[in-house]
Every structure is written in structure tokens, then in C-alpha cells.
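Asks: could you work out the structure for the sequence below:
(one chain, ligands or ions: 2)
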Amino acid sequence: MPSYEEDYQLSLEQPEVFWARAAKGISWSKPWDRVLNADNPPFYRWFEGAELNTCYNCLDRHVEDGRGDQAALIYDSPMTGQVKSFTYREFTDIVARFAGALTARGIKKGDRVLIYMPMVPEAAVAMLACARIGAIHSVVFGGFAPKELATRIDDAKPVAILAASCGLEPGRTIAYKPLIDEAIRMSTHKPETVVILQRPECQAQMTAGRDFDWQEIAAAADPVPCVPVAATDPLYILYTSGTTGVPKGVVRDNGGHAVALRWSMKYVYNVDPGDVFWAASDVGWVVGHSYIVYAPLLQGCTTILYEGKPVGTPDAGAFWRVIQDHKVKALFTAPTAFRAIRQQDPDGKFIGKYDFRNFDTLFLAGERADPDTIIWAQDQLKVPVIDHWWQTETGWSIGANCMGYGMKPVKLGSPTFAVPGYDIRVINEADGRREVARGEIGAIAVKLPLPPGSLPTLWENDAGYIKSYMADIPGYYKTGDAGYIDEEGYLFIMARTDDIINVAGHRLSTGGMEEVLAGHPDVAECAVIGIHDALKGQVPVGFVVLNAGVNRPPTEIEKELVALVREKIGPVAAFKVALVVKRLPKTRSGKILRAVMRKIADGETYNAPATIDDPAVLTEITEILAAAGYPSGK
Ligand code: COA
Ligand code: AMP
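Replies: Ligands and ions are numbered 1, 2, ... in the order given. All right, here's what the predicted structure looks like:
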């Protein structure tokens, strides 16, 4: 086995050699002409000329290799009281039939298909069935509202929507069909077909001619084989928050994605074929795409699809039960899940009740892993707790303690080292884009080319790809995170450099929320900032200045604003606090001082910039925040 250091050097100095070696883990129907086409930077193409099918590599291939009777996916749903296991053979058959049902509806290679599903096995079936026939899926997280769905429909222009009748949240059933109908009403592009999985908890009303019953069309269909696609063809589009209300359609290709994800299972997670891997996330997020569905199946593992929460379904021992019952080797979740468990069970009383014999490692990502949470998890679980850093854009980790090479000493607060394939640099943008010294904070960038699996572009938006990621630091991909690398090469990710916030591991745009607040008829101007929250890491708080002459009680308007964000973006925005203020703090050139407001709300010391227009505004903001209970203490 090569060392991390040898492989890291090789991946930077001879990326073609490194990734051609990794590509042996994938079954190709046609070999590549070139491992990397770097002729047209910043657009790089991996495995050009090659053909493969991602679904074949996730399913059929393992049946052919003798894994047919092994569990491919275990659905564990404390929300419905069900546990169901599907072997590779069974799951291949289900996916092949559903792919047949899509083909029978005229859906074909290159068509886009929007998936709006809760955490049920059919969500994975839908994704893999699209992959099987070369259709490009775009999964939208169930916590997003119709307007967000409509934006994605208009951008991806799907021919079909695959959905369930409802999602289940503790204490409430969310009927999805009215949300879909509303989204289609709002969108300019109209998908021709809607396929609905009727769940027993809620029956959807169907529109004749457009809507089809999932079970009926699947039962009537014949299984279809995998369609070979180009390595460079898109597998999926996943929309993620940008700096405005318009989300960015991150494109993932087939070939590079399959190679990088399978490689990551061994080298990042140290998980082998046959092992049980559990990513406690949602298929609507990148973690769900990569590590609930694609990577574990590419590696021939058993993946867990969990419909529940870390607490309350039924208690703070929920995760430990799943680990025990399904012999989970590695768990991947967001630190917020552990903060929720710790809050309810600080002494880990539930942990002692379960068998952890098969459990090896806990992986955390999605937000900064605070040292307190890591220490608690280490003490309680007595396994390595590995922080790793990545983004929707990259699709797999940029920085990690790569467990497949042997664990490096953990430094709290650091996701350890750059992962092979990522040439990470810290840049001072204000000072001639120079690389900073070790220990100095700057913008974190990755020298191009990005490794396989990372986004080749944005959906039908090459210009947006350049503008968002490539233009500021030519020759580099700008991650949008700030941080530093210490003397020993350990990475520290400190904050976003844009207005993206991370709420319970969910990526949200404060700019998008500002657009919603600004749409309220009484609002003259507004600012939304992410402030510290002991459970969710960050939560948004909105400040609004009302139009002159508005005489309604501010509390009434504040309530309307909270409801408006929930309606327009969705409950996942977790927008619960809007505060009416007389003025917003600004520089003389009119720039709102959001960073200063955040520091006041978090109780941090701050320096008002010399360019501030009127320092008295900061006193007003401090008083209003104090009246609302901020800073609330950490
Ligand atoms: N469909 C509809 N609504 C949803 C939803 C979905 N799929 N997922 C969440 N919501 C709703 C929640 O019910 C909540 O609604 P409420 O305002 O009526 O209470 C709201 O969106 C906010 O959700 P969330 O921020 O997740 O808060 P929570 O209090 O429900 O749960 C945690 C907090 C920590 C338990 C939860 O965030 C969690 O399990 N996180 C695990 C980590 C994770 O999944 N990370 C994702 C990326 S790795
Ligand atoms: P998402 O695209 O939703 O995966 O969010 C990506 C962003 O989450 C990153 O740009 C970081 O800001 C943050 N993030 C993810 N993982 C980590 C981590 N391990 N440490 C610090 N921040 C993280």
C-alpha cells in the first residue's frame, strides 16, 4: 500500500497516472482516449472518449461478481416503523424495472428528471434508474418550498418529476403533491410527466393524463439494460445556494464521479466491499448523493437509508440502535446531529445500551466540527472521530484524514490534510493574490485542474462557472471558504468568504433570504446574517427597515416576514427571527456592515470601520438585539 505522502505527490505531479490507476476500480464499456483533456482551461474533462454506465457499476456489476445475495440497501425508518433490506439482486431488478417504466414514458438519455422525494428506498431507485438510461437527475431536498422547486424546474427543464405523496417530519405529514402542483403552476417550463409514489400516510390527488402511479407503471414495465454514456456526460445536476436567491446547478459527470467516489471509499473512509456504510443525511444534499447512494454502491458496500432524526425518533439512542442493528462500520453525519444527541443525553446513557462491536469510525462534515463536539464523541464512542471538509461543488472531500492510508494524528478543529488530487493553496486576494505564509489566514483555493468528480461546469452556464469559481484567482478554483494551513500542513477551515451560511449542516444563502424580505410591501431595506447557534451551528436573523409611513405594529410585520421566508424558501431555512430596526449600519459608500452586526449578535468584540456612516446605528442595533435576547451565550 502506498503512503499518503507518496500518493499525494503523485496525484499532483502526474494526475493522469494517479487517476488512471484509480479508474481500474470502475468497469468501462469503452476505454478513454485521454485521462485528462486540459486543452481548454478552466474546463477540464476527465476520461474523455470513455463510456460506462454508473448504475451498472453500482448494481449489475456486483451481481455478476457474486454479491447478488448481499444487502445493497437497508431502509430503516423509525418514522414509519419499517426496516427493509434489499439484496443487490433485488435492487438491480427493481431499478431495472423502474428504468423500464421511465423508458415506456418516453424518457431517454440526456433528458432531465427532477426528483422530489423523502428518505424512502424509491428515492435511490429513482436516481439509479435515471443513471441506468442516461437521463440526468436533479434531486430537490424535501424541505424546499414550491418557489424553490419552480426555479429548479425552469433551469433544468425536466421532462418528468418523480415524487412521493408525502414526507414525514416528527409530528407532521408534509403532502408533497400540492407543493409540486404549485411549483408547476409557477414555473414557465411544464414537465409532461409526474410519477407519484403513493405512501400509506397520505394519498395524492392525481391529474389525469399527466400524473402516473409509481407502483402501477413499475408493475407494468419490463426491465431495461444499462445504456452506455460518455464519461463526460452529466449524471446529475444538484442545485446549491449561491450568493443570490438563484441557486447554482452543479453538474456531475459520470466517469470522473465514479472513479473518484469509489477511490474515496477505500482511501478516505477505509471501507471495503461488503462493509456497512451509513451516511445519516438526506438524498437531497450532496452527502446523500455521494455517500448514501453512489459511493457505497460503487464499492459493493451495504448502504443505510435512514428516515428519522438523531433525536426524538424515538430518543437520543436512535443512531446507536441503527449502528448495532445493521452492523455499521462507518457513520458519516454532520456535527449538528451530535450536538442534538449530546444536548439530550450529555452523559451518553443511551450509548451503553448498544453493541458497537462492528463500529470503527465516525466521520463528520458539512460544517465546522467544533472541538467540544469532537471530544464528546471521542469520549463517548471510543472510536476515531474524523472531521473532513468538502462541498457540493467537489462532491467528495477536499481535506480529510485519509483513513485508508492509516490515521494521522488528529488536530482538533482541523480536517487534517489535503486529499490526493487537491492542490490546496491559501491566497491573500487583497494583496496581489499572493500565496500567504503558513499560519496566515486567506481565501482557500485549489490549483487547477480539480480532480475527477468535481464539477466540470454549472448547468448550461459556463460563464457563471467562471464568474463564481474561477475568475477571482486565475488558475485556481476559489472554494468560498477562508482558513489557513499550519506549519505541519494541517488545514483549518474557519468561515465562508461570501454570504452563505450553514444551518444544521444545510447550506443556505442569506442573499436569498434578503430577496424574500425585500419583497414584503412594508420593507424598505434589509440584511440577513448568520449568527452562532449552540445546536445548529448558525441560524439566520433578519433586520429590516420599514418604509416611511408604515404604522403597523413591528411585531406583526416580523411575524409576517418569518412566515414569508418559510413560504418562499421552505422550513429548512430555519428563519425564526426578524427584527425591525430604524436604520442599518453602513459605510459612507452605503455598504451594509453585516460582519459587524454578526459580531454584535454573537457578543464578539468588533472594530467599527473608519468609513462607518453613523456609529450611533451600532448602539441602536446592540439595543434591539439585547431586547431580543442576543448575544444568547455560547
Ligand atoms: N421536508 C420538510 N421539512 C423538513 C425536512 C424535509 N425533508 N427536513 C427538515 N425540515 C423542516 C424541519 O421539520 C424543521 O421544521 P420546523 O421549523 O417546523 O421545526 C425545519 O425544516 C428546520 O429543520 P432542521 O434545521 O433540520 O431542524 P430540526 O430541528 O428539524 O432538526 C437536527 C435539527 C439537528 C436534528 C437536524 O438538522 C439533523 O438531523 N441534522 C443531521 C445532519 C444532516 O442531516 N445534515 C445534512 C447534511 S450532512
Ligand atoms: P455544502 O455544499 O452544503 O456541502 O456546504 C459546503 C460548505 O460547508 C463548505 O464550503 C464549508 O463552508 C462548510 N463545510 C463543510 N464541511 C466542513 C468542515 N469539515 N469544516 C468546516 N466547514 C465545512
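
Asks: so which residues of the stretch 201-350 of the chain form helices?
Replies: Secondary structure of the stretch 201-350 of the chain (DSSP state H, counting those that start in this stretch): helices at 214-219, 255-267, 286-288, 295-298, 318-325, 335-344.

Asks: I'd like those as a markdown table, with distance to G49 appended.
Replies: Yep, even glycine has a C-beta here, placed from its N, CA and C like the rest. Shown next, in a markdown table, are those (distance: least, Cβ to Cβ, whole Å):
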| stretch | distance to G49 |
| --- | --- |
| helix 214-219 | 35 |
| helix 255-267 | 10 |
| helix 286-288 | 27 |
| helix 295-298 | 21 |
| helix 318-325 | 42 |
| helix 335-344 | 42 |
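
Asks: so for I115, which of the ones you listed sits nearest?
Replies: Of all the helices of the stretch 201-350 of the chain, the one in closest proximity to I115, counting by Cβ to Cβ, is helix 286-288 (11.0 Å).

Asks: now that closest one: mean pLDDT?
Replies: Across helix 286-288, the average pLDDT comes to 97.

Asks: that helix near ligand 2 at all?
Replies: Yes - using Cβ under 6 Å from any ligand atom, helix 286-288 reaches ligand 2 at V286.

Asks: those residues of the chain touching ligand 2, which are they?
Replies: So far as Cβ under 6 Å from any ligand atom goes, the chain lies against ligand 2 at 240, 286, 365-369, 387-392, 415, 480-481, 493, 496, 502, 507.

Asks: so which of those residues are also by ligand 1?
Replies: Contacts with ligand 1 within these, as defined by Cβ under 6 Å from any ligand atom: G366.

Asks: please name the residues that touch the residue lying farthest from the centre of the chain.
Replies: In the chain, the greatest distance from the average C-alpha position (Cα atoms, centre = their mean) is reached by G549, at 42.9 Å. G549 makes contact with no residue, according to Cβ atoms under 8 Å, 6 or more residues apart in numbering.

Asks: where exactly do the helices run in the stretch 451-600 of the chain?
Replies: All helices of the stretch 451-600 of the chain, identified by DSSP H, counting those that start in this stretch, fall at 462-465, 510-518, 554-568, 594-602.

Asks: contacts for the first one, please.
Replies: Helix 462-465 has contacts (Cβ under 8 Å, 6+ apart) with P42, F43, K248, L455, T457, L458.

Asks: tell me which of the residues you listed fall in strands.
Replies: Assigned to strands by DSSP state E, the following of these qualify: F43, K248.

Asks: need the contacts of helix 462-465 in JSON lines with neighbour count, pLDDT and distance to D60, can you?
Replies: Shown next, in JSON lines, are the contacts of helix 462-465 (neighbours: other Cβ atoms under 10 Å; pLDDT from 0 to 100; distance: Cβ to Cβ, whole Å):
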{"residue": "P42", "neighbour count": "20", "pLDDT": "98", "distance to D60": "35"}
{"residue": "F43", "neighbour count": "16", "pLDDT": "98", "distance to D60": "32"}
{"residue": "K248", "neighbour count": "25", "pLDDT": "94", "distance to D60": "33"}
{"residue": "L455", "neighbour count": "26", "pLDDT": "98", "distance to D60": "27"}
{"residue": "T457", "neighbour count": "20", "pLDDT": "98", "distance to D60": "29"}
{"residue": "L458", "neighbour count": "25", "pLDDT": "98", "distance to D60": "31"}
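
Asks: which one of the contacts of helix 462-465 is nearest R97?
Replies: For the contacts of helix 462-465, the nearest to R97 is L455 (31.6 Å; Cβ to Cβ).
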